[in-house]
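>>> no letters, just coordinates:
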């Protein structure tokens, strides 16, 4: 028996349902991506999220669905980039039929309330980040130096920065 592929709209609805039902997990994933941007990483993918979570002792989810679903990651990654355009520096998304939808309107429909997205699509988030728009900048303050070496922020500092980023209006 063959598996039916989801239509682009079904895929989008599936991803938004997952975000709504796993909102804490979604925020943890955003925190991990935010931390990687702060560290200067150049790429963060779905598999890297799991590896980073395991290394830092975080349990993202017991849900194997997230771990193995390329479809789910494509929706989650787009919405994270739309919320934080600076994430496009580490998250890449290939062109997809879901990009043809009004993603903020679908979010409002699924979540029951609008979100003030700085970008209305992944492509717009990339343009904002490339143009140096202030909504794409993630300010981590001055680098802390110890001798001649730049000191990485502590985990608690990264958590605080990520929380500030997630909850600022």
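Now that the structure is in, tell me what you want to look at. These numbers were taken from a predicted model, which means no experiment stands behind them.
>>> how about low-confidence regions in this protein?
The model of the chain has pLDDT under 70 over residues 1-3, 56-69, 137-169.
>>> what segments of it are helices?
8-21, 23-39, 46-56, 64-68, 70-83, 103-111, 122-131, 155-167 (DSSP state H).
>>> out of these, deepest packed?
Among the helices of the chain, ranked by average contacts under mean count of other Cβ atoms under 10 Å, first place goes to helix 70-83 (a mean of 21). Glycine gets a C-beta too; all of them are placed from N, C-alpha and C.
>>> mind giving me the packing neighbours of it?
helix 8-21, helix 23-39, helix 46-56, helix 64-68, helix 103-111, helix 122-131 (3 or more Cβ pairs under 8 Å, 6 or more residues apart in numbering; DSSP states H and E).
>>> out of the ones you listed, which comes closest to residue 97?
helix 8-21 (3.8 Å; Cβ to Cβ).
>>> residue 97 reaches residue 8, doesn't it?
Yes. Assessed by Cβ atoms under 8 Å, residue 97 is found in contact with residue 8 at 3.8 Å.
>>> same list, the helices of the chain, but as JSON lines with distance to residue 90 please.
Output for these, formatted as JSON lines (distance: least, Cβ to Cβ, whole Å):
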{"stretch": "helix 8-21", "distance to residue 90": "19"}
{"stretch": "helix 23-39", "distance to residue 90": "6"}
{"stretch": "helix 46-56", "distance to residue 90": "9"}
{"stretch": "helix 64-68", "distance to residue 90": "18"}
{"stretch": "helix 70-83", "distance to residue 90": "10"}
{"stretch": "helix 103-111", "distance to residue 90": "20"}
{"stretch": "helix 122-131", "distance to residue 90": "10"}
{"stretch": "helix 155-167", "distance to residue 90": "14"}
